[in-house]
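[1] just need the structure, nothing else, for what follows:
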Amino acid sequence: LLMLLAWRKWGKDPEDPPGLVTQFEPPFDLTPAEVAYLVNQKITRADLPAELVNLASKGFIHIKEKMSKKAKKPDDYILIKKKDFDDPALKEHERLILKGIFLSKEERKVSNIPSSFYSKVPRVKKQILKQLKSHNFFRKDPGVVRNQWVAISVLMFFMLPFTFAGNTVQYFIGVLFSAI
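    Numbering: from 1, shown residues only. Presented below is the predicted three-dimensional model:
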């Protein structure tokens, strides 16, 4: 009953207003990584290429294909720095991504992205969550909230037999004494 009441208060999706208009751009100027976090509630390596393409469309980097001599398809991509990464138009997580990839270089092959970059992904995730909280998409980290509800559910599951155990024992004792 408690879980049902909690779901009705916080978990139920609002109904769409009449005349909802389809949008082809992300709302609130969200980046691909922010949208991925809203949808999946996590950031993965697969979300980063979309972020790079978005940064290229904003003019911060240029993505150049490196064609192989044998095949007719690219075997690698070269990222070329076009604008300063301290530009105020960049969101903090975009800045972390760019600085982590390029370090102090002006060009970087995608195949040569430093492994230290991937250690920065948790910081990128924290920045994205901070930005989404500032837009009121989340009140708390969804992972923490999910874990809290799982813990409450498990606790309630194990407490359930003890809740009814006292009443059941009293019932059987009452039945036994009424038969005597």
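[2] low-confidence ranges, the chain, go.
    Applying pLDDT under 70 to the chain picks out residues 14, 16-20, 160-180.
[3] quick one: the helices in it?
    2-6, 32-40, 48-57, 92-102, 121-134, 142-179 (DSSP state H).
[4] counting contacts, what elements does the third one pack onto?
    Same thing as helix 48-57. Other helices and strands packing on helix 48-57, by 3 or more Cβ pairs under 8 Å, 6 or more residues apart in numbering; DSSP states H and E, are helix 32-40, strand 61-67, helix 92-102. From N, CA and C alone the C-beta is placed, and that goes for glycine too.
[5] isn't Tyr118 up against Ile43?
    No. Assessed by Cβ atoms under 8 Å, Tyr118 is found out of contact with Ile43, at 11.3 Å.
[6] of the two, who's got more company?
    Ile43 (21 against 12; other Cβ atoms under 10 Å).
[7] nearest spatial neighbour of the more buried one, chain-adjacent residues omitted?
    Counting by Cβ to Cβ, 6 or more residues apart in numbering, Ile43 lies nearest to Lys125, which is 4.8 Å off, once chain neighbours are set aside.
[8] count of residues packed around that neighbour?
    The number of residues near Lys125, taken as other Cβ under 10 Å, comes to 18.
[9] isn't it up against Tyr37?
    Yes. Lys125 is within contact range of Tyr37, at 7.3 Å (criterion: Cβ under 8 Å).
[10] so how far is Thr31 from Lys73?
    Taking Cβ to Cβ, to the nearest Å as the measure, Lys73 falls 28 Å from Thr31.
[11] these two: who's more crowded?
    Thr31 (22 against 7).
[12] residues contacting the more buried one?
    51, 54, 91, 93-94 (Cβ atoms under 8 Å, 6 or more residues apart in numbering).
[13] give me that answer again for 10 Å
    Thr31 makes contact with 37, 47, 50-51, 54-55, 58, 90-91, 93-94, 97, 128, 131, according to Cβ atoms under 10 Å, 6 or more residues apart in numbering.
[14] dump the residues you listed to TSV, plus distance to Val154 and neighbour count.
    As requested, the contacts of Thr31 are arranged in TSV below (distance: Cβ to Cβ, whole Å; neighbours: other Cβ atoms under 10 Å):
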residue	distance to Val154	neighbour count
Tyr37	26	24
Asp47	31	21
Ala50	36	14
Glu51	36	20
Asn54	40	18
Leu55	42	24
Lys58	45	15
Leu90	42	20
Lys91	37	17
His93	33	25
Glu94	39	24
Ile97	37	25
Ile128	29	25
Gln131	32	19
